[in-house]
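A.B. asks: kindly return the folded structure for what I paste below:
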Amino acid sequence: MTIKETTIKEEVIKWRRQLHENPELGFDEVETSNYIYQLLQSFSGLEISRPTKTSVLAVLKGLKPSATPLTIAFRADIDALPIVEEADVPFKSKKEGVMHACGHDTHTAMLLGAAKVLSSKREEISGEIRFIFQHAEEVSPGGALGLVDVGVVDNVDHIFALHVDPFVKSGTITMKDDVLCAAIDDFEITIIGKGGHASMPEKSIDPIAIGAEVVSNLHQITARKISALNVPVLSVVVFQSGNVLNVIPETAYIGGTLRSLDSMSREEAKKYVNQIVKGISEAHGASFKINWMEGYDPVINDKESVTISRKAAIEVFGQENVIHIDKPFFGGEDFSAYLRKSPGSMQFLGIYNEELGNNYPLHHPKFMVDEEALQYGTEYFVKIAEHLCMK
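C.D. replies: Next comes the predicted model:
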């Protein structure tokens, strides 16, 4: 029996809308986690706990004997973003300035659906299934690290997750081996010069001119310093200095982000940023400060786990709707923290339906979801569990 032939489909949509209307930011998901906890309590056979203040863990221990029982985990993130919603939906966010614009409400609802289906099949299950409802994915360094530290994936054989994709058609899923998402490192640079009157620039050390030279040279890192085969993405997104038209300011502030697919290019790019800022600043008699904010590691899917994902996806979506992709994404995901501990697979679920109008990207105030896609995500999780724990 498929999910769309049961009442679970309607329940998943109802849960998703409740979560969408009541979004909460990372580390503040108090009502969200309470809602998840209460729903899980209504299902049978689950051991439910709160590993951290605003996360929830449900453990389903199968009753079917097995000589080689497995422990698997599924993860959904539950936090929202500081965005004013502009999507035209009847269940619009009730919290001004907070929105589920990255689909975490759908991730949570789909995993709740899987938990309900699988908890009713405890007698058919061997081993252990963990349902992880994780806080603070959007807040670097992410909530996953804390959950790993308290042992939620200890002794887990495989861990799986889905992320919705607004540019992939509903009813399809994309599959990627190896590197899926990039590592994230943000940086802040302060150029400290010597202020003065704009009519006498020779008596000052102009941080704006120095900063402009720094920015221009930073962009040469990815163009000329690192192999094109594994080149990272470096973007400067903030340049702030001064607020008076006839005064050369004392300082200039530059901020940006570095996205890397492997540890070597990640460290090389950071080394070149430091060299460029130091060299240019000192050449002009200025001083500087650099603050690196290290974020998520790259998401690197495990080959065996992806094979399991693909088999389940083919059964749920059909061979023609399982799309292999070659290129990784330069967005970040703290699912990488689990993958340092246990092998796993994160894949992207299509949610685009042209009947809903334009498809807007993740983190956009008009981001929308085709809710018909949620049945596939729920069934995908269930199918993986059937393959690994219900043989």
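A.B. asks: only C-alpha atoms from now on, for both contacts and neighbour counts.
C.D. replies: Fine.
A.B. asks: give me the contact list for the strand or helix carrying residue 259.
C.D. replies: Per DSSP states H and E: residue 259 is located in strand 251-260. Strand 251-260 has contacts (CA atoms under 8 Å, 6 or more residues apart in numbering) with 182-195, 207-208, 211, 231-242, 266, 298, 330-331.
A.B. asks: among those residues, which are located in helices?
C.D. replies: Among the contacts of strand 251-260, the ones falling in helices (DSSP state H) are 207, 208, 211, 266.
A.B. asks: okay, now the first one: neighbour count?
C.D. replies: Right, residue 207. When neighbours are defined as other CA atoms under 10 Å, residue 207 has 28 of them.
A.B. asks: so residue 314 sits in a helix?
C.D. replies: Yes: applying DSSP: H, G, I helix; E, B strand; the rest coil, one finds residue 314 inside a helix.
A.B. asks: number of nearby residues for it?
C.D. replies: For residue 314, using other CA under 10 Å, the count is 17.
A.B. asks: and for residue 90?
C.D. replies: Residue 90, neighbours per other CA under 10 Å, totals 8.
A.B. asks: now do the domain split for the protein, please.
C.D. replies: What automatic domain parsing lists as the domains of the chain is 3-179+299-389, 183-294.
A.B. asks: for the longest one, the distance to its chain's centre please.
C.D. replies: Averaging C-alpha coordinates over domain 3-179+299-389 and over its chain gives two centres that are 11 Å apart (CA atoms, centre = their mean, to the nearest Å).
A.B. asks: what pLDDT, on average, does that domain get?
C.D. replies: In this model, domain 3-179+299-389 has a mean pLDDT of 97.
A.B. asks: again with the last one
C.D. replies: Per-residue pLDDT values over domain 183-294 give a mean of 96.
A.B. asks: ok so, going back, and which of the ones in helices among the contacts of strand 251-260 is nearest residue 146?
C.D. replies: Using CA to CA, the shortest approach to residue 146 within these belongs to residue 266, at 23.6 Å.
A.B. asks: these two touch, right, that closest one and residue 232?
C.D. replies: Yes: between residue 266 and residue 232 there is a contact under CA atoms under 8 Å: 7.2 Å.
A.B. asks: in terms of secondary structure, what does the helix or strand residue 304 falls within contact?
C.D. replies: Under the criterion of DSSP H and E, residue 304 resides in helix 303-317. Here helix 303-317 touches strand 158-169, strand 173-175, strand 322-324, strand 344-352, helix 374-389, going by 3 or more CA pairs under 8 Å, 6 or more residues apart in numbering; DSSP states H and E.
A.B. asks: and the angle from it to strand 344-352?
C.D. replies: 30 degrees (axes from the mean of the first three to the mean of the last three CA atoms, to 10 degrees).
A.B. asks: buried residues in helix 303-317?
C.D. replies: 305, 306, 308, 309, 310, 311, 312, 313, 314, 316, 317 (16 or more other CA atoms under 10 Å).
A.B. asks: can you check stretch 138-150 too?
C.D. replies: Across stretch 138-150, burial judged by 16+ other CA under 10 Å covers 138, 139, 140, 141, 142, 143, 144, 145, 146, 147, 148.
A.B. asks: part of a helix, is the fourth one?
C.D. replies: Looking back up the chat, that one is residue 141. No: counting by three-state DSSP, one finds residue 141 to be coil, located in no helix.
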